[in-house]
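Student: After the sequence you'll find the predicted model.
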Amino acid sequence: NAGVMQNPRHLVRRRGQEARLRCSPMKGHSHVYWYRQLPEEGLKFMVYLQKENIIDESGMPKERFSAEFPKEGPSILRIQQVVRGDSAAYFCASSPPWTPAAAEAFFGQGTRLTVV
Amino acid sequence: GENVEQHPSTLSVQEGDSAVIKCTYSDSASNYFPWYKQELGKGPQLIIDIRSNVGEKKDQRIAVTLNKTAKHFSLHITETQPEDSAVYFCAASTPGNTPLVFGKGTRLSVIA
């Protein structure tokens, strides 16, 4: 059973370009979370999605950032017109379908975005 | 919303000694407390978790304790080994699939 798959592992973009980060959840998981990690810092929640729905985007900047989790295919985190401050590691996690108890979340290896 | 504080930020121990990392949380509705280990250049790996209906959980050299009244939980690693060196994160979440809120991490160094 493959884990959470993220690609690309490393991404370099020039200022003003678009960055697309992909995340395929674990088999059987229907919930996806995106987190951002700056060097020497913790993980900051960005957005929580289920298939075709954004459940919570309270941690995502209002401008330039968007996320989707279509019915078919991976979840995509999209950053338009990237700036140097967007340079960070972006991690995706997935968890099983909703249960009353809190569900375990498993992380991918991350995408390290560098804006030059 | 939930706020998770983690201490210490760095910890150095001699190989074979124990290491303890502590976290506090603010939301009394939180009921799930996982711990993640992150090695350099990798994603966080779930190593142990505890739910609010138990006070302690152990898995080989790793144990986690939870004090709901005081709203704090701790990670205990016994007989530390060099391969335990990593950054450890605590987290908390409320019932359902709500997003985890993380502490800022503890960089553990085990000195051989």
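Tutor: Sure thing, it's come through.
Student: Beyond the helix or strand hosting A:Leu21, next helix or strand please.
Tutor: Assigned by DSSP states H and E, A:Leu21 belongs to strand A:19-24. Downstream of strand A:19-24, the next assigned helix or strand under DSSP H and E is strand A:31-37.
Student: What is that next one packed up against?
Tutor: Contacts of strand A:31-37 with other secondary structure elements, assessed using 3 or more Cβ pairs under 8 Å, 6 or more residues apart in numbering or on different chains; DSSP states H and E, are made with strand A:43-50, strand A:75-79, strand A:88-95. Backbone N, C-alpha and C define where each C-beta goes, glycine included.
Student: Disregarding flanking residues, what is the spatial nearest neighbour of residue 34?
Tutor: In the absence of a named chain, chain A is used. Using Cβ to Cβ, 6 or more residues apart in numbering or on different chains and skipping residues adjacent in sequence, the residue nearest A:Trp34 is A:Met46, 4.4 Å away.
Student: ah, no, chain B please
Tutor: The shortest distance from B:Pro34 to any residue that is not its chain neighbour, by Cβ to Cβ, 6+ apart, is 3.8 Å, and that residue is B:Asp49.
Student: any idea of the pLDDT on that neighbour?
Tutor: The predicted local confidence for B:Asp49 comes out at a pLDDT of 95.
Student: burial count for it?
Tutor: The tally of other residues near B:Asp49 (other Cβ atoms under 10 Å in any protein chain shown) stands at 17.
Student: Please give me every residue in contact with it.
Tutor: Contact analysis of B:Asp49 by Cβ atoms under 8 Å, 6 or more residues apart in numbering or on different chains lists A:104, B:32-35, B:57, B:64.
Student: how much space is there between A:Gly28 and chain B?
Tutor: In this structure, A:Gly28 and chain B are separated by 14 Å, where distance is defined by Cβ to the nearest Cβ, to the nearest Å.
Student: Now do the phi/psi pair for the nearest residue to that residue once chain neighbours are set aside.
Tutor: Once its chain neighbours are removed from consideration, A:Gly28 has its nearest residue in A:Pro96; the separation is 6.4 Å (Cβ to Cβ, 6+ apart). The phi and psi values for A:Pro96, taken as degrees, to the nearest 10, are phi -70, psi 170.
Student: Might you list the low-confidence residue ranges for chain B?
Tutor: Judged by pLDDT under 70, chain B has no weakly predicted residues.
Student: Strands of that one, residue ranges please.
Tutor: B:4-7, B:10-14, B:19-25, B:32-38, B:45-51, B:56-59, B:62-67, B:72-77, B:86-92, B:101-102, B:106-111 (DSSP state E).
Student: Give me the buried stretch members for the second one, please.
Tutor: Applying a neighbour-count criterion of 16 or more other Cβ atoms under 10 Å in any protein chain shown, the buried positions in strand B:10-14 are B:11, B:13.
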